[in-house]
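In: Got a sequence here, can you build the structure:
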Amino acid sequence: MLDALLNPDHRKIQEKKQALFAKRQLAILKLLQYQRFEHSGIYVDDHSQMAFSVHSKCGEDGLILGLFERVGVERHTFVEIGIQDGLECNSANLAFHFGWSGVMLEGGEEYAREAAKHYDNVPRVTIKQSFVTRENINALLDETKADRDCDLFSIDIDGNDYWIWEALEDFRPRLVVAEYNPFFGPERAVTIPYDPQFAHRTKYPRGYMGASLAALNKLASKKGYALVAGSDLGRNAFFLRRELLSAEVPEIPLERVFLSRHKERHGVRVVDSIQGLPLVDV
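Out: Next up, the predicted model:
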């Protein structure tokens, strides 16, 4: 027992768990504070006060709940692509604490096995291990009986995100959460070329993945969605079906969402390392 406690790997696992518990406690405190002062006039009139994390990474849980509170929920279902072990992703909070059902797709075999353990007592959730491509995504939704009219769709696979969302057919979630690549800049509508075997940081340097915010916004517009929010500390953009827009949840410009400080935070190293690598204008 003592050896286990002194083991550096064990200590790291315990420290990670403690940090996660602390984050969840802060999330609950933030939510209680927001509920207490929601109508006080203290808050700035935007979505930033809604951001908090219980199972998400950068405030997405609060944004998702806040947006659904404003636009309503129809089916209490989700589809998420790219969940790792399922404990820190955008649908976990809804699955664990709100009784939602849905499908989680994960390419990593070990991650998918861990996720299956975590959701063993959540029969409403289907975990499917598969490396998702634009050729197989629609068949995977059919196979898992995913709800094509789900309330929430989230995609974060650090790769062919744009191409997979584009390939989805007869798929009309109310809210889409998609990760964008800030290193491609705020203006260009670009994505990596499609490669069904693409895996981040295996062949190309860090930062070469996914699509720019402008590219995802362009695709969203074609599919009938509008940009309504972004996570302040992350790279996730939130797109709402246009017919759900209102004075309370309006479309917002890209510059309100784009994280220009990513370049400052990481320096020019990442941006320089991906200069000259192939990109597709969309």
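
In: immediately after the helix or strand of the chain with the lowest mean pLDDT, which helix or strand?
Out: Least confident element among the helices and strands of the chain, by mean pLDDT, DSSP states H and E: helix 2-6 (a mean of 50). For helix 2-6, the succeeding helix or strand toward the C-terminus, using DSSP states H and E, is helix 8-37.

In: Do a quick rundown of the strands in the stretch 51-200 of the chain.
Out: Ranges of strands in the stretch 51-200 of the chain, per DSSP state E, counting those that start in this stretch, are 77-81, 101-106, 125-129, 152-155, 175-179, 190-191.

In: For my notes, please list these in CSV and give distance to Asn236 and mean neighbour count for each entry.
Out: All C-beta atoms are positioned from the backbone trio N, CA, C, and that covers glycine. Below are the strands of the stretch 51-200 of the chain laid out as CSV (distance: least, CB to CB, whole Å; neighbours: other CB atoms under 10 Å):
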stretch, distance to Asn236, mean neighbour count
strand 77-81, 12, 25
strand 101-106, 17, 24
strand 125-129, 21, 20
strand 152-155, 8, 26
strand 175-179, 5, 25
strand 190-191, 16, 22
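
In: To Ser246, which of these lies closest?
Out: Across the strands of the stretch 51-200 of the chain, Ser246 has its closest neighbour in strand 175-179 (13.7 Å, CB to CB).

In: Between strand 77-81 and that closest one, find me the angle.
Out: 20 degrees (axes from the mean of the first three to the mean of the last three CA atoms, to 10 degrees).

In: and strand 175-179, what other elements does it pack with?
Out: Using 3 or more CB pairs under 8 Å, 6 or more residues apart in numbering; DSSP states H and E as the contact test, the elements touching strand 175-179 are helix 60-71, strand 152-155, helix 161-167, helix 213-222, strand 236-241.

In: for the ones you listed, which one ends up most surrounded?
Out: strand 152-155 (a mean of 26; mean count of other CB atoms under 10 Å).

In: contact partners of that strand?
Out: By CB atoms under 8 Å, 6 or more residues apart in numbering, the surrounding residues in contact with strand 152-155 are 64, 68, 77-82, 89-91, 94, 102, 161, 164-165, 171, 173-179.

In: So, low pLDDT: which residues of the stretch 151-282 of the chain?
Out: 233-234, 260-268 (pLDDT under 70).

In: ok, now with 50
Out: 264, 267 (pLDDT under 50).

In: What residue spans form the domains of this structure?
Out: Following automatic domain parsing, the chain resolves into domains at 1-43, 46-281.

In: Out of these, which one sits most buried?
Out: domain 46-281 (a mean of 18).

In: State the distance from Ser101 to Gly66.
Out: Counting by CB to CB, to the nearest Å, the gap from Ser101 to Gly66 is 21 Å.

In: Could you do Gln84 as well?
Out: 24 Å.

In: Same question for Thr77.
Out: Note on Thr77: its distance to Gly66, by CB to CB, is 19 Å.

In: Could you do Ala19 as well?
Out: For Ala19, the distance to Gly66 (CB to CB) stands at 24 Å.

In: Also Pro186?
Out: Taking CB to CB, one finds Pro186 at 25 Å from Gly66.

In: Then Pro253?
Out: Distance from Pro253 to Gly66, counting by CB to CB: 20 Å.

In: helix, strand or coil for the closest residue to Ile274 other than its chain neighbours?
Out: Distances taken as CB to CB, 6 or more residues apart in numbering place Tyr208 nearest to Ile274, at 4.5 Å, with adjacent residues excluded. What DSSP: H, G, I helix; E, B strand; the rest coil gives for Tyr208 is coil.

In: ok, Phe184 - contacts?
Out: For Phe184, the contact set (CB under 8 Å, 6+ apart) comprises 190, 211-212, 215, 279.

In: swap the cut-off to 6 Å and go again
Out: Phe184 makes contacts with 190, 212, as judged by CB atoms under 6 Å, 6 or more residues apart in numbering.
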